[in-house]
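[1] my questions are about this predicted structure, shown below with the sequence.
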Amino acid sequence: MAQQTETRWEEADGKVHTEETISPVKAKQGRMGTRVLMVLLVALVFAFIVWIPVEIWGKKEAVEVAPQPPGQQIQSQQPTPAPSQPPASNPAPATPNAPVQ
């Protein structure tokens, strides 16, 4: 599409304005977004700079709060029962019950 020039009188400021009509594809093209890319990269670096110490501090706090896994802590709190009597020896072997008919 060829570029077209349009001249019109603008009553708001009392001047003649010249406008060029460009193709919609060219109008939608933007410049390289290096500034936006730099802002995103810097923000990502700052996020990692903050995230890494928080992870280290969180692991340290977790170890201080719960030094043992929960299963071991419950077992260590319950006293182990002491055997009151040694098991009695049974001289007669056990006989199975006869099936009922």
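    Here it is on my side, so go on.
[2] please enumerate the helices of this structure.
    24-28, 34-65, 70-77 (DSSP state H).
[3] which of these sits closest to residue 13?
    helix 24-28 (24.3 Å; C-beta to C-beta). Every residue, glycine included, has its C-beta placed from N, CA and C.
[4] list the contacts of the closest one.
    Applying C-beta atoms under 8 Å, 6 or more residues apart in numbering, helix 24-28 has no contact partners.
[5] now it: average pLDDT?
    The average pLDDT within helix 24-28 is 79.
[6] okay, and the beta partners of residue 5?
    Beta-bridge pairing of residue 5 under DSSP bridges involves residue 20.
[7] start the count at 2, not 1, going forward
    From this message on, residue numbering opens at 2, which makes the last subject residue 6.
[8] against residue 23, how distant is residue 10?
    Going from residue 10 to residue 23 by C-beta to C-beta, to the nearest Å gives 22 Å.
[9] who has more neighbours, those two?
    Taking neighbours as other C-beta atoms under 10 Å, residue 10 and residue 23 compare with residue 23 leading, 12 against 8.
[10] what's the distance between the more buried one and residue 33?
    19 Å.
[11] ok, residue 10 touching residue 17?
    Yes: with contacts counted by C-beta atoms under 8 Å, residue 10 reaches residue 17, the gap being 5.6 Å.
[12] quick one: contacts for residue 9?
    Going by C-beta under 8 Å, 6+ apart, the list of residues near residue 9 reads 17-18, 20.
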